[in-house]
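> Coordinates for the following, if possible.
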Amino acid sequence: MTTPVKKRTRVPVHGVLLLDKPVGLSSNDALIKAKRLFNAQKAGHTGTLDPFATGLLPLCFGEATKFSQDLLEADKTYQTIVHLGIATTTGDTEGDVTGNRPVNASIDEIQAVLQQFRGDIQQVPPMYSALKRDGKPLYEYARAGVTLEREARAVTIHLLELVSYEAPFLTLNVRCSKGTYIRVLGEDIGNALGCGAHLKALRRTQVGHLVLQESITLEALAELPEEQRLPLLAPVDALLSSFPSIHLDDVLAKRFLQGQRLALGKEAVELPGQQGRVRVYRTADGQLLGSAQLQEYDILAPERLIATVQHS
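This next block holds a predicted model:
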């Protein structure tokens, strides 16, 4: 009689892992593997990377999951290789070839076309995307051979830099707003050059202020002893560090953790110069209490609170 394998009890883990996602793995599969390595109770990612893409995938554990939305809103930076002359159904290497045209573009022509895609542009989301129509992701329609009309959306290309051109491969650095599809950008550049294109490779190097250089691979993580994994997690407030901070004394901190709106105009609290999103700490121990909106008349309105903070 075989002894049943005892299931490990998941433990509370809080923080942010900067993962270097490998090619061929979905963001969700990468999350599941990382969650298992940390034996964590709760985890989530901050926006997906396509399976064919690699690079920075910030993973949130425990209390950090409350702030993952902030990275969904953040600008992203990529390096991509655009394969000119060949178009595919998906806009990347995973699709079937739909067109093959000669590539005669010069550097000057490429630079002129790139200029068209800098700044605020309109982009039609691809059929092979997770955007939903009538509750079903577009890629399910695409796999069934159905193409639906999609409205163009406004996105911003903050940086579009030519790194190298060795025909038919065009290497670009791109920094863009949320909701930008680099696959579509590659296809649109190829179409503007008159030869079509798809992405040969895509690597995300930055999300907001978080950078790939500080990331770790799943393989490297798995090779570490368990006690050496937790110190690799950035603190929960790593997702909020682009926002100004406010520090509250014990009395105000307690009221804040109870979800009360605080009128800070007459309190001895140093305030940032502008309204908007802030991160809030307790002065006594430097503990993150959560995020809030600093509103008119110096009103501090709690947004997301840290449940693990002890009330003083």
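
> Now residue 261: phi and psi?
Residue 261 adopts backbone torsions of phi -80, psi 140, taken as degrees, to the nearest 10.

> What strand or helix carries the spatially closest residue to it that is not a sequence neighbour?
The shortest distance from residue 261 to any non-neighbouring residue, by C-beta to C-beta, 6 or more residues apart in numbering, is to residue 301 (5.0 Å). For every residue, glycine as well, the C-beta is placed using N, CA and C. If you go by DSSP states H and E, residue 301 is part of strand 299-305.

> And that strand, what's buried?
Under the neighbour-count criterion of 16 or more other C-beta atoms under 10 Å, strand 299-305 has 300, 302, 303, 304, 305 buried.

> before we move on, the earlier item: separation between the residue nearest to residue 261 and residue 289?
Distance of residue 301 to residue 289, computed by C-beta to C-beta, to the nearest Å: 13 Å.

> Just the C-alphas of the least confident helix or strand in the chain by mean pLDDT, formatted as PDB.
Sorting the helices and strands of the chain by mean pLDDT, DSSP states H and E puts helix 69-72 at the bottom, at a mean of 80. The C-alpha coordinates for helix 69-72 follow below in PDB (Å, rounded to 0.1, in the frame of the first residue of the first chain):
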ATOM      1  CA  GLN A  69      -3.300  47.200 -11.300                       C
ATOM      2  CA  ASP A  70      -0.700  50.000 -11.100                       C
ATOM      3  CA  LEU A  71       1.700  48.100 -13.300                       C
ATOM      4  CA  LEU A  72      -1.100  47.300 -15.800                       C
END
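
> which helices and strands sit right next to the following helix or strand past that helix?
Going down the chain from helix 69-72, the next helix or strand is strand 76-84, by DSSP H and E. Contact analysis of strand 76-84 by 3 or more C-beta pairs under 8 Å, 6 or more residues apart in numbering; DSSP states H and E lists strand 169-176, helix 182-192, strand 197-207 as its packing neighbours.

> Relative to strand 76-84, what are the paired strands and their orientations?
Sheet pairing of strand 76-84 (DSSP bridges) gives strand 169-176 (antiparallel), strand 197-207 (antiparallel).

> Quick one: closest of the helices and strands packed on strand 76-84 to residue 234.
Residue 234 sits nearest to strand 197-207 of all these, at 12.3 Å, using C-beta to C-beta.

> the inter-axis angle of that closest one versus helix 182-192?
Angle of strand 197-207 versus helix 182-192, following axes from the mean of the first three to the mean of the last three C-alpha atoms, to 10 degrees, is 140 degrees.

> and strand 197-207, C-alpha only, in CSV?
Provided in CSV are the C-alpha atoms of strand 197-207 (Å, rounded to 0.1, in the frame of the first residue of the first chain):
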residue,chain,number,x,y,z
ALA,A,197,6.2,41.8,-41.4
HIS,A,198,5.9,39.8,-38.3
LEU,A,199,7.8,39.7,-35.0
LYS,A,200,10.7,37.3,-34.9
ALA,A,201,11.5,38.0,-31.2
LEU,A,202,10.1,40.2,-28.4
ARG,A,203,11.8,40.9,-25.1
ARG,A,204,10.3,43.2,-22.4
THR,A,205,13.0,45.1,-20.6
GLN,A,206,11.1,47.5,-18.3
VAL,A,207,7.6,47.9,-16.7
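
> No further queries at this time; thank you.
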